[in-house]
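A.B. asks: I would like the atomic coordinates for the input below:
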Amino acid sequence: MRIACIATSRVPSRTANSIQVMKVCQALATLGHEVRLFVPRLAEPQPWEALATHYGLRTCFQVIWLRAWGGLRRYDFSLRAVSAARRWGAELYYLWPYQAAALASSLGLPSLLEVHDLPTGRLGPWLFRRFLAGSGARRLLVTTDALRALLAERFGVTLEPPFLQIAPNGVDLERYANLPEPAEARRQLDLPEAFTAGYTGHLYPGRGLELMAELARRHPQFRFLWAGGEAQAVAAWRERLAAQGLQNVHLLGFVPNERLPLVQAACDVLLMPYARRIAVSGGGDTSAVASPMKAFEYLAAGRPVLSSDLPVFREVLSEDNALLLPPEDVEAWSAALQELAADPARRQLLARAAKGEAARYSWEERARRALEGVSALRS
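C.D. replies: As a prediction, the model looks like this:
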């Protein structure tokens, strides 16, 4: 099937939405579909080899950068992208922007809309309704059941299968196969040998960075490995940690997605200490509906996961495959970290459970479920 994917993400970029879009497109291509991704020309187009390294991709698909005027809030881009996809003969429109979804559905073009948060702004809700009302609407894909419930309540509609599918984010399971043990991974990365607690992701507010810094202060015998973040944020945190005299926190900065599994494998435990409010690159608070990609990567890495106990995370995590701790409670986090460090048998038990849970969340299986029966659906 010819699938036109349309997103307003910057490509290439280090943001989670850009990575997620590229992983989805790869999964669709891996399943044998002919995929073209249309994105606005917000950055200099890159050759496939550079994109593959940056995003950790192994299956090729075509990326097309289209002109877009910032002042038009991507409406011009959505029109260009939908028009280009029609000329190509797309059989399904896999969409992230509400503008493109409203247009394609209204034109009767078979459309799948993927949603990660409630529509916002003055026109977001109206565009979402236009997608639902259009004759082309085939499927609504949401990342969490919490988001499904909020959408149904906010818009007064019934959202049920088969039109609706809940599709948490995923992970490239193949890249997490046969990872070395923590000590060997640290050796390959030239990292000091010590019990290591790791965090991978952006350094945005609400990610628990202050909590992790306090853990480092309380446990100078442990090493803390932070991977990710933009250069300015990394520099600011290096300065801040140095001012506190913390020498056991190592900031790697941005790590290409291709090398991320090895970095995560170098950790004895992996930390996901989200606060009660979670900021993303575009602003806002996603704590009620979030489906962080790092949760699935952490599970696939086969390491014990220490996570904030936010209700939405329990759609994937449980006491069987992770330690769920009160957000922002340093005492609880400190005690849990200390206990795990002293109990290798429990770490091994949690690691096995995490690995087993991750097997349910491959990007390819997610894409297969997203497309299942979609061609037979009518709005």
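A.B. asks: any stretches of the stretch 51-200 of the chain with poor pLDDT?
C.D. replies: 71 (pLDDT under 70).
A.B. asks: all strands of it, in order?
C.D. replies: Taking DSSP state E, counting those that start in this stretch, the strands of the stretch 51-200 of the chain run over residues 62-66, 92-95, 111-115, 137-142, 164-166, 196-200.
A.B. asks: which non-adjacent residue is nearest the most centrally placed residue in the chain?
C.D. replies: Most central in the chain under Cα atoms, centre = their mean is Met293, positioned 3.3 Å from the mean C-alpha point. Nearest non-adjacent residue to Met293, counting by Cβ to Cβ, 6 or more residues apart in numbering: Asn169, 4.8 Å away. (Each C-beta comes from the backbone N, C-alpha and C, glycine too.)
A.B. asks: just give me the neighbour total for that neighbour.
C.D. replies: 24 (other Cβ atoms under 10 Å).
A.B. asks: do you know how far it is from Leu252?
C.D. replies: 22 Å (Cβ to Cβ, to the nearest Å).
A.B. asks: ok, Ala345 next?
C.D. replies: 30 Å.
A.B. asks: residue ranges with poor pLDDT in the stretch 201-350 of the chain?
C.D. replies: 279-284.
A.B. asks: for it, just list every one of the strands.
C.D. replies: 223-227, 249-253, 269-272, 305-308, 323-325.
A.B. asks: rewinding a little: for the residue nearest to Met293, list the residues it contacts.
C.D. replies: Residues counted as contacts of Asn169 (Cβ atoms under 8 Å, 6 or more residues apart in numbering) are 20, 143, 291-293, 295-296, 361, 366.
A.B. asks: then Trp96?
C.D. replies: 6-9, 17, 21, 113-114.
A.B. asks: next, Ala16: phi, psi?
C.D. replies: Per-residue torsions, Ala16: phi -60, psi -40 (degrees, to the nearest 10).
A.B. asks: spit out the contact partners of the nearest residue to it once chain neighbours are set aside.
C.D. replies: Of all residues not flanking Ala16 in the chain, Met293 sits nearest, at 6.2 Å (Cβ to Cβ, 6+ apart). Residues counted as contacts of Met293 (Cβ under 8 Å, 6+ apart) are 16, 19-20, 23, 169-171.
A.B. asks: check His54 too.
C.D. replies: Per Cβ under 8 Å, 6+ apart, neighbours of His54: 12, 46, 256-258.
A.B. asks: can you redo those as CSV with neighbour count and distance to Pro273?
C.D. replies: Converted to CSV, the contacts of His54 look like this (neighbours: other Cβ atoms under 10 Å; distance: Cβ to Cβ, whole Å):
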residue, neighbour count, distance to Pro273
Pro12, 21, 28
Gln46, 15, 33
Pro256, 13, 24
Asn257, 21, 22
Glu258, 16, 26
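A.B. asks: nearest to Gly124, of the residues you listed?
C.D. replies: Nearest to Gly124 out of the contacts of His54 is Pro12 (Cβ to Cβ; 26.1 Å).
A.B. asks: ok, so what distance separates that closest one from Trp48?
C.D. replies: 11 Å.
A.B. asks: go on, Arg148?
C.D. replies: 35 Å.
A.B. asks: test my guess that Pro180 contacts Ala265.
C.D. replies: Yes - between Pro180 and Ala265 there is a contact under Cβ atoms under 8 Å: 5.9 Å.
A.B. asks: what is in contact with the two at once?
C.D. replies: Contacts common to Pro180 and Ala265, judged by Cβ under 8 Å, 6+ apart, are absent.
A.B. asks: between these two, which one's more packed in?
C.D. replies: Neighbour tally, Pro180 and Ala265, criterion other Cβ under 10 Å: the higher count belongs to Ala265, 23 against 13.
A.B. asks: any idea how this protein splits into domains?
C.D. replies: For the chain, automatic domain parsing gives the domain ranges 2-170+363-376, 173-358.
A.B. asks: ChimeraX command for the buried members of the contacts of Trp96?
C.D. replies: Filtering the contacts of Trp96 down to the buried ones (16 or more other Cβ atoms under 10 Å) takes a single ChimeraX command:
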select :6,7,8,9,17,21,113,114
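A.B. asks: out of the contacts of Trp96, who's nearest Ala216?
C.D. replies: The closest of those, once distances to Ala216 are taken by Cβ to Cβ, is Asn17, at 29.6 Å.
A.B. asks: chain neighbours aside, what residue packs nearest to that closest one?
C.D. replies: Ser9 (5.0 Å).
A.B. asks: hmm, the one you found is touching Val39, no?
C.D. replies: Yes - using Cβ under 8 Å, Ser9 is in contact with Val39, at 6.1 Å.
A.B. asks: what's the overlap in contacts for these two?
C.D. replies: Val21.
A.B. asks: ranges for the helices of the stretch 201-350 of the chain?
C.D. replies: 209-218, 231-243, 260-265, 293-301, 330-341, 344-358 (DSSP state H, counting those that start in this stretch).
A.B. asks: can I get those helices in a markdown table with distance to Arg80?
C.D. replies: What follows is the helices of the stretch 201-350 of the chain, written out as a markdown table (distance: least, Cβ to Cβ, whole Å):
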| stretch | distance to Arg80 |
| --- | --- |
| helix 209-218 | 39 |
| helix 231-243 | 32 |
| helix 260-265 | 33 |
| helix 293-301 | 29 |
| helix 330-341 | 48 |
| helix 344-358 | 38 |
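A.B. asks: the ones you listed: which one's closest to Gly89?
C.D. replies: Comparing these by Cβ to Cβ, helix 293-301 comes nearest, at 31.9 Å.
A.B. asks: chain center to that closest one: distance?
C.D. replies: 10 Å (Cα atoms, centre = their mean, to the nearest Å).
A.B. asks: what are the buried residues along stretch 332-341?
C.D. replies: So stretch 332-341, judged by 16+ other Cβ under 10 Å, has buried residues 333-334, 336-337, 340-341.
A.B. asks: got a list of what the closest residue to Leu324 other than its chain neighbours touches?
C.D. replies: Residue nearest to Leu324 in three dimensions, not counting chain neighbours: Asp309, with 3.9 Å by Cβ to Cβ, 6+ apart. Residues near Asp309 by Cβ under 8 Å, 6+ apart: 324-327.
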